[in-house]
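# task: produce atomic coordinates for the following.
(2 chains)
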Amino acid sequence: MEVAVFYSPGRRGAHGGFAERSDAGFRRVVLRVLAVSAASVLAALLLACGSHMPSKKTIAIITPSHENPFFKAEAEAAAARASELGYGVTVNTHDDDAHKQDDLFDIAVANRATAVILDNAGADASIAALRKAKASGVPCFLIDREINANGVAAAQIVSNNYQGASLGAQEFARLMGEKGDYVELVGRESDTNASIRSQGYHDVLDKYPGLKMIARQSANWSQTEAFQKMETIIPANRAIKGVIAGNDTMALGASAALKAAGLGNVTVVGFDGSPDVLAAIRAGDIQATVLQPAAKIARLAVDQAHKYLTTGSTGAPEKQSIDCELVTRANIDQFGLFARK
Amino acid sequence: MLFRLRALVALVLLVAVFSILSPAFLTAANLTILLRHVAINAIMAVGMTFVILSGGIDLSVGSIAGLAGMIAGLLIDRGLVLPVFGVVIYFQVWLVLVIALFAGATVGLANGLLVSRLGVAPFIATLGTMYAARGAALLVSNGATFPNLVGRLELRNTGFPLLGAGANPIWLMLAVSVAAALVAARTPFGKHVYAVGGNERAALLSGVRVKRVQALVYVISGLCSAAVGLVIASQLVAAHPATGEAFELNAIAAVVLGGTSLMGGRGGIGGTIAGALVIGVLADGLVLLGVSEFWQIVIKGIVIIVAVIMDQFQRRLAWK
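The predicted structure follows:
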């Protein structure tokens, strides 16, 4: 009802009451508010600009939103390495919107960036932007996610999801004592990483006759969805001994649901190595995760960009995969933010 | 007088600030890119202006853009499959564009009929179609992207990337805004839109076909949104079902910045274009300066609020 009133026409007379105000007093209020608002915009601009002015040789770093610590870590690692090597750096996020990514590419090219480090916004939707950059002579180095085309990017460096999944599954089987009922939470079905990780898990787990998968559900990488799916699964399967999840946020959701249902002693294994899960491993809520070396990959991409810019070649094949590492309570002190300390 | 031109004043100020802070800003290359980016929001905001002038609001514009892009992607990549006859029809690109625009206009018409005939509040009606159209866009491909929309020579459906190439989106923006400005200011329909937004009852009593005007503005908005979706799909040479998320807010922001009243009846196309330029200059300039994404959002919010505060003052002064 409020909405209808808000958009109903003919309410302009409501402001007639101001007609009685004195001219001078009103002008003063106008000026004061204008001055305050102008000052706040300027202050925000100045605060925000700081020392970010791009210098002659700039590397543009474009990733998904930094709200996710994984992307923040890789962007910061790449920026730090680029600064070390003497480059100016711009850091931007495309929020998984291929159109915004396209805009950022245009701006990077116009700004004469010498190279782009990109965690892309879609294996197909990113190709046109990358082609455009290549045609303008700006080499692009992809990290974390591949695209469905070869020869467009100078390098595509991703973590080895299959190897990581095998590591996670071996530890999961060991923790379970090689027998018992377990649940698998899968990532978004349309995402290739979800199926690669699931394949990696099953190539190991299916060899153990004692391990029995009682449910396999997609929770779309989401913590809330994982929590809800587990809440649905638990009542009929209170004998669950383990949950293996396709990423860390789903592992956290599953762990919370198990706790709420009063099920202790359930093995939970995740994938990614996020700071939240490292904390959960320390607390004993989650037993293991597979750390994606995001920071290492980002630094490697900058190093290869530097080599490419100075020698004309990265000296490595276009597609490279970097091994993941298993994190458990035993070795957790060796790991920091998506990297070995 | 100064207040009436506030979007222009803000624009000049922003351009001056960015030109000083970044040497790359005031170059022909960057300005072309800037206008290409502005075109997307501006075309959508032009359609939105008619809706807001009539006293409504259209939240479904982003979803319509996504749906139109997906329909074009489907027709170029897969063709129209008719299992009953066992044939697949591939259309030439201009026909693909017409079909996608028609789809956008149809969703707009649904909005218009909901608002004018069934009396659903515009906010609610277009919220509903926003979800429905987004769902439809996802259904077209089951959530996947249609890649590499270059068409095939033997099917004679090549040429789609041309729409978004070079300065073409800028020309499209110019054509759409000039046509819209003429319709708004010089035609009976334009006058009726203002009349309906200013005072619906008075318009009705003076013989304006209020319901028809209320329905038509959403059709215009749907057409503009579909055009935007086509331009984006053409630029990316791929159609992605999530295209256009949160675009409605950018379009509304451009309209409001341009001085059109959210209560309807007051404002115009020229202001909207200036508003879209302000948002575009702000977005690209802050990226050029390397300002963090979170600050970009904060600054955008402040600019919109300041604009609305100025709008209030303008109105108070006008009633003296």
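# how about the most centrally placed residue in chain B: what's its closest non-neighbour residue?
Ranked by distance to the mean C-alpha position of chain B (CA atoms, centre = their mean), the top residue is residue B:44 at 0.8 Å. Residue nearest to residue B:44 in three dimensions, not counting chain neighbours: residue B:251, with 4.4 Å by CB to CB, 6 or more residues apart in numbering or on different chains. Yep, even glycine has a C-beta here, placed from its N, CA and C like the rest.
# which ones are touching that neighbour?
B:41, B:44-45, B:47-48, B:61 (CB atoms under 8 Å, 6 or more residues apart in numbering or on different chains).
# next one, pLDDT for the residue nearest to the centre of chain B please.
pLDDT for residue B:44: 97.
# distance of it relative to residue B:173?
Taking CB to CB, to the nearest Å as the measure, residue B:44 falls 10 Å from residue B:173.
# can you check residue B:149 too?
Residue B:149 sits 22 Å away from residue B:173, going by CB to CB.
# residue 61: neighbour count?
Picked chain A for this. For residue A:61, the neighbour count with other CB atoms under 10 Å in any protein chain shown is 29.
# if you could check chain B rather than the one you did, that'd help
By other CB under 10 Å, 36 other residues sit near residue B:61.
# quick check: it touching residue B:247?
Yes. When contacts are counted by CB atoms under 8 Å, residue B:61 is listed as touching residue B:247 (6.1 Å).
# give the rounded mean pLDDT of the helix or strand hosting residue B:286.
Residue B:286 belongs to helix B:269-289 when assigned by DSSP states H and E. What helix B:269-289 shows for mean pLDDT is 89.
# how about the helix or strand just after that helix: buried residues?
Per DSSP H and E, the first helix or strand lying C-terminal to helix B:269-289 is helix B:293-318. In terms of neighbour count (16 or more other CB atoms under 10 Å in any protein chain shown), helix B:293-318 has its buried residues at B:293, B:295-296, B:299-300, B:302-304, B:306-307, B:310-311, B:313-314, B:316.
# what are the ranges of the strands in the chain?
You didn't pick a chain, so chain A it is. For chain A, applying DSSP state E gives strands covering A:58-63, A:88-93, A:113-118, A:140-143, A:155-159, A:180-186, A:211-218, A:242-245, A:267-269, A:288-291, A:319-322, A:325-328.
# that was the other one, I meant chain B.
Assigned by DSSP E, chain B shows strands spanning B:80-82, B:87-89.
# got a markdown table for those strands, with mean pLDDT too?
Putting the strands of chain B into a markdown table (pLDDT from 0 to 100) gives the following:
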| stretch | mean pLDDT |
| --- | --- |
| strand B:80-82 | 87 |
| strand B:87-89 | 87 |
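# same for chain A: which of the buried residues of helix B:293-318 are within range?
The residues of the buried residues of helix B:293-318 that also fall near chain A, by CB under 8 Å from any CB of the partner chain, are B:293, B:295-296, B:299, B:302-303, B:306, B:310, B:313, B:316.
# nearest to residue B:201, of the residues you listed?
residue B:316 (25.1 Å; CB to CB).
# now residue A:78: how far from residue B:308?
39 Å.
# what's the neighbour count on the residue of the stretch 101-250 of chain A found nearest chain B?
With CB to the nearest CB, the shortest gap between the stretch 101-250 of chain A and chain B falls at residue A:124, namely 3.5 Å. Residue neighbour count, defined by other CB under 10 Å, stands at 22 for residue A:124.
# what's the nearest residue to it if we skip its chain neighbours?
Of all residues not flanking residue A:124 in the chain, residue B:147 sits nearest, at 3.5 Å (CB to CB, 6+ apart).
# phi and psi next, for the one you found.
Note on residue B:147: backbone dihedrals following degrees, to the nearest 10 are phi -90, psi 160.
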